[in-house]
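Q: sequence first, predicted coordinates after that:
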Amino acid sequence: MKKILLLSLASLLMIPVGFSQSLENRHDPKIDFNLSPTFNSTLNPEKNSNINPKYNWNINPMHNNDVNPEFNSTINPLNHFELNPDINKTLNPMYHNEYHPKNPAWKGLYIFNKTDDLIGYVSIATQQLMLTFDIQGDWTGFYVRASPGIFNHFDVKGTWDGNYLCFDSVIGYNIFDKSGTWTGQHIK
């Protein structure tokens, strides 16, 4: 009988556990429409030109060299060890699981698409650095602060991919591509 009980317990422990980070209601734009750019035009860069880099060049790296890592070396992680989690292991989620959304104690932000579906995670490592993960919890890159409310996105090796995020003026961020077009993605 003990053997059967031990075998049953062992088989239960060997069941693969899938990744699942529960979305907190206070971050969910499908529950709180105030968080959704679809329902809250203040957060939508297609309806609010103040937060749209196509119209506000102060927040556009293609028009403002101060926030462009190709022109401003102080915000380029290839030049700064303290901004590059690929080199600086104290910021790397593969070495520090407190940054990883697969950690059950993880706290962070969530990335949504234009229809408010969850598509990824963001961990705030420092005031200058945020780490990004896809929906499976795989590390995809990081954001480096260029100025208050503007962060440029880099791949895991520290190469700028041209994407960046801008503060939505209320609660989170909108993600833009290199041309300044809103990707529809937002972070809450």
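A: Now that the structure is in, tell me what you want to look at.
Q: next SSE downstream of the least confident helix or strand in the chain by mean pLDDT?
A: Within the chain, confidence by mean pLDDT, DSSP states H and E is lowest for helix 2-13 among all helices and strands, at a mean of 39. Where DSSP states H and E defines the elements, the next helix or strand beyond helix 2-13 is strand 109-112.
Q: counting contacts, what elements does that following strand pack onto?
A: The contact analysis (3 or more Cβ pairs under 8 Å, 6 or more residues apart in numbering; DSSP states H and E) places strand 109-112 against strand 118-124, strand 182-187. Every C-beta, even on glycine, is put in place using the N, C-alpha and C of the backbone.
Q: which residues touch that strand?
A: 23, 27-29, 118-124, 130, 132, 172, 175, 185-188 (Cβ atoms under 8 Å, 6 or more residues apart in numbering).
Q: the residue nearest the centre of the chain pairs with what?
A: Closest to where the C-alpha atoms of the chain average out (Cα atoms, centre = their mean) is residue 122, at 3.4 Å. For residue 122, the beta-bridge partners are residue 109, residue 132 (DSSP bridges).
Q: contact partners for it?
A: 108-111, 130-133, 143, 187.
Q: can you pull the poorly scored residue ranges out of this protein?
A: Residue ranges of the chain with pLDDT under 70: 1-21.
Q: try 80 this time
A: The model of the chain has pLDDT under 80 over residues 1-22.
Q: picking up where we left off before, how near is the residue nearest to the centre of the chain to residue 71?
A: 25 Å (Cβ to Cβ, to the nearest Å).
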